[in-house]
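A.B. asks: A structural model of the following input is requested.
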Amino acid sequence: MNELVLTNRFERAFRRLVGKNPSLQPQIEATLRRMAENPDDPRLKTHHLSGQLKGLHASSVAYDCRIVFVRQKHPKTGAETLLLINIGTHEAVY
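C.D. replies: Okay, the predicted model is just below:
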């Protein structure tokens with residue numbers, strides 16, 4: 001199980017997104033659970049980003065909703081953690 005670490009930017013974007021579209025919240029929560037279990041689950045469509053976002057990854061929540069994150073190793077345990085950076089529409093996060 002991977003640890004999910006939320007940045008302030010992610011939390012603000014999440015509140016804004018769910019405020020505009022409350023029906024997305026259950027889908028986002030299900031996606032976050034899947035990411036914690038296995039970020040490479042095919043249903044997440046996880047992929048590497050390039051350009052200015054090189055080194056980051058993105059997973060799909062819904063047709064036009066993405067979560068941008070970076071994989072890191074926990075300094076003490078060595079376990080993988082996922083630092084959640086942003087969430088929003090394809091246009092907003094890229």
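
A.B. asks: Report how many residues lie close to Arg33.
C.D. replies: 11 (other CB atoms under 10 Å). C-beta here means a position set from N, CA and C on the backbone, and glycine is covered the same way.

A.B. asks: Distance check, it against Pro26.
C.D. replies: 11 Å (CB to CB, to the nearest Å).

A.B. asks: ok, now Ala79?
C.D. replies: Noted for Ala79: a distance of 27 Å to Pro26, by CB to CB.

A.B. asks: tell me the contacts of Gly88?
C.D. replies: Taking CB atoms under 8 Å, 6 or more residues apart in numbering, we find Gly88 in contact with 13, 16-17, 65-66.

A.B. asks: Report the two of those residues separated the most.
C.D. replies: Considering CB to CB, no two members of the contacts of Gly88 lie farther apart than Arg16 and Arg66, which are separated by 14.5 Å.
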